[in-house]
Each structure stands twice: as C-alpha cells, then as structure tokens.
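S.K.: My questions concern the predicted model and sequence given below.
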Amino acid sequence: MHRWTLAALLLCAATGTVATEIPERSLGKSFRDCADCPEMVVIAGGPFVMGAAPGEEARENLADTFRHRSEPQREVMVQRFSMGKFEVTRGQYRQFAEATRRGDDGCFVWAGAAFEKVATNDWRDPGYAQDDNHPVACVSWDDADAYARWLSKKTGKRYRLPSEAEWEYAARADTATARYWGGDDSEVCRHANGADRSARTQVPGADQWAVADCDDRAAYTAPAGSYRANAFGLHDMLGNVEEWMQDCWNGNYRGAPTDGSAWTTGDCTLRAVRGGSWDDAPVGLRAAYRVGSPTVIRVYRRGFRVAREDRADGAN
C-alpha cells in the first residue's frame, strides 16, 4: 500500500471518519487516452517540502540574480494527478499544429554572445537537428496552453500545464536532495541531458560554458526518455528542454498556495519555467531552480509536458 494512502487510513481510523482508498493498482500506472496521446503516469498525492533547502544556492554557487526565488521553503499538499511520462515530443506537437494550423513567428536562439530571434527557426527547426521523437522546442506558453486545451477537447479529459508545486513534487519523487539522483556529480549524465563535454565541443560559443564533467551523448536535445527515469517513472524532469508551468510569475514563494494548485496571481504576462535544459550548467538542473519568461516568446531550449486532472476514486 502506498504510504500516503496508509497514513490517511490510519488517521481516519483514529478519528472515526471514513476514507475511500485510492486503488493501489492505479498508483504509478501509465496510460494513454488515445494512441497518439502523451503517455501519462498516475501520481499519488501527498505532502512535501517545496523550495531550495537552506544553503543549497550558496553550495551550488548560484548567481546572485537567481537567488532567493525558491524561498521560503514550505510544506505543500499535492492532490492526486497524472503527469506526462515524457516531455511532449515534436511528433505529438506536429499533430496539434497541423490540425489547428498553428502559426509561428520565429524563435530565440543563442548567437554566441546573446539570444537573437531568428525568423526561420521554429518547432520544425529549432536551429539544431531533431526528429519527431525529440521533445518539441521553440514553443511559447501560449502554444503549450493551446496544445493542452486541444488535447482536452480531443480526449474529453482535463489536460493542462502542471502547477509548479505538482512539477516539483513529481521531479523530486520523494527525495529532498537538489537532484532526484542524489548528490553524486558523476551521475548527472546518466540521468539528465544538460551542458556537458559534448555541448562544449559541438555547440558554437559553448567553449566557455560551465558544463558537467561527463558526456551525456547529446550536444543538443536527445530523444525523449533517453536517460534514467526518477522514482515516479518520469523521464527528463531535469534537462533536455525547459518546461512551461501553469503559474503566473512571482519572484519568491511568499503568499504562494500550499494546496498544490497553480499560483494564478502575480505577473501573468510571465509564466514560470522549470527543469533546466540541454544547455544548462549543473546549477540549473535542480528541482528547486525556477525562472520566469514572457508567455509569447519561443526559445530554442524550451518545451513542456502536460498534466491531467484525476479523480480520487481512481476513475480515468
């Protein structure tokens, strides 16, 4: 029995209330709502401590500009939901873009000294080689939100972008360390696609980047699921592409929801982005790391995964 279910039953026994147990067979189960839909994993709800642990940012030598965004730490109770096992792939996004005739107007790419918008780059060609098994990149928050709405209409289920709390809960997967594989730096390239030796030698302008001292076999994106899953069975929760969240941007967690829901107040012209990407140094590949970005821009390292609302009785 899952420990959160057991804890709930013991509490109810002590108080004399009646609990409906979430069927054990559904926890951790993967499913698809259609043959070409994203594969989803059922995530049991529960409490966790969200945010960077005291001293983590200093130990990681995080730049001052990015510090204190993941504070204060606090306990959050996340409800049961389902999360994409993988980031949405280019092939899956293609079906949506072609069915809805989704337009685009270029993508921001790294030009060696700064990001520049290139009109000829888009999700079909983010500026590096991909196939339809790679995570889609060069998509805005508006694109990602529209995809989730399209998928909801197609399946009759409630798809959306994950909240920051859901995402971090799923990324941590019952761990409290900065990364779900623990503190061993030599393990980075087994679990995540970030800036590494291959990026330094193959990506123009990356010779001065801070990189992991290992080779993850991908200078740019890798096919979805190329690296080890975390304990919840989710792949690429750190690295490969950054992921858009449902939440409006707030510079810290003061006043943030504690029920796992998205924060829908703040600067909603910006949305939270989590997880780091193929061009992020190890400091960016942390469960607590977060940035905000305008909803309308497309960046060559940014994609998304979807969440799906689930009922507590296990019905899909």
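M.R.: Ah, there it is. Numbering: from 1, shown residues only.
S.K.: Strands of the protein, start to end?
M.R.: Ranges of strands in the chain, per DSSP state E, are 30-31, 40-43, 46-50, 74-78, 81-84, 107-110, 115-118, 159-160, 242-249, 267-274, 290-294, 302-303, 307-309.
S.K.: who wins for proximity to R197 among the ones you listed?
M.R.: R197 lies closest to strand 107-110 among these, at 18.0 Å (CB to CB). C-beta coordinates here come from the backbone N, C-alpha and C atoms, glycine included.
S.K.: Distance from the chain centre to that closest one, please.
M.R.: Going by CA atoms, centre = their mean, to the nearest Å, the spacing between the C-alpha centre of strand 107-110 and its chain's C-alpha centre is 20 Å.
S.K.: Ok, stretch 51-59 next?
M.R.: Per CA atoms, centre = their mean, the displacement of stretch 51-59 from the mean C-alpha position of its chain is 20 Å.
S.K.: And for stretch 160-177?
M.R.: In terms of CA atoms, centre = their mean, the centre of stretch 160-177 is found 8 Å from the chain centre.
S.K.: cool, stretch 40-60 as well?
M.R.: Using CA atoms, centre = their mean, the distance between the centre of stretch 40-60 and that of its chain works out at 13 Å.
S.K.: And that stretch, end to end?
M.R.: Across stretch 40-60, the terminal residues are separated by 32 Å (CA to CA, to the nearest Å).
S.K.: which of the strands of the chain sits most buried?
M.R.: Ranked by mean neighbour count under mean count of other CB atoms under 10 Å, these are led by strand 302-303, which reaches a mean of 28.
S.K.: Which elements pack onto it?
M.R.: In terms of contacts (3 or more CB pairs under 8 Å, 6 or more residues apart in numbering; DSSP states H and E), strand 302-303 is packed against strand 242-249.
S.K.: The strand it packs on - contacts with which helices or strands?
M.R.: Checked by 3+ CB pairs under 8 Å, 6+ apart, strand 242-249 has helix 141-155, helix 164-172, strand 267-274, strand 290-294, strand 302-303 packed alongside it.
S.K.: run the last query once more with 7 Å
M.R.: helix 164-172, strand 267-274, strand 302-303 (3 or more CB pairs under 7 Å, 6 or more residues apart in numbering; DSSP states H and E).
S.K.: which residues are in contact with the first one?
M.R.: Read that as helix 164-172. Applying CB atoms under 7 Å, 6 or more residues apart in numbering, the set of residues contacting helix 164-172 from outside is 43, 48, 50, 76, 78, 81, 83, 180, 232, 234, 237-238, 245, 247, 260, 272, 274-275, 287, 290, 307.
S.K.: now with 8 Å?
M.R.: The list of residues contacting helix 164-172 from outside it, by CB atoms under 8 Å, 6 or more residues apart in numbering, reads 43, 46, 48, 50, 76, 78, 81, 83, 162, 180, 230, 232, 234, 237-238, 243, 245-247, 257, 260-263, 272, 274-275, 287-288, 290, 307.
S.K.: before we move on, what about the second one?
M.R.: Applying CB under 8 Å, 6+ apart, the external contacts of strand 267-274 come out as 141, 164, 167-168, 171, 242-250, 289-295, 302.
S.K.: next one: stretch 259-266
M.R.: Stretch 259-266 is contacted by residues 45, 76-79, 163-166, 169, 245-250, 256-257 when judged by CB under 8 Å, 6+ apart.
S.K.: Where does pLDDT dip in this protein?
M.R.: With pLDDT under 70 as the threshold, the chain has low-confidence stretches at 1-27, 311-316.
S.K.: show me the contacts for the spatially most central residue of it.
M.R.: Centroid check for the chain by CA atoms, centre = their mean gives E243 as the closest residue, at 4.5 Å. Contact partners of E243, counting by CB under 8 Å, 6+ apart, are 87, 162, 167, 273-275, 302-305.
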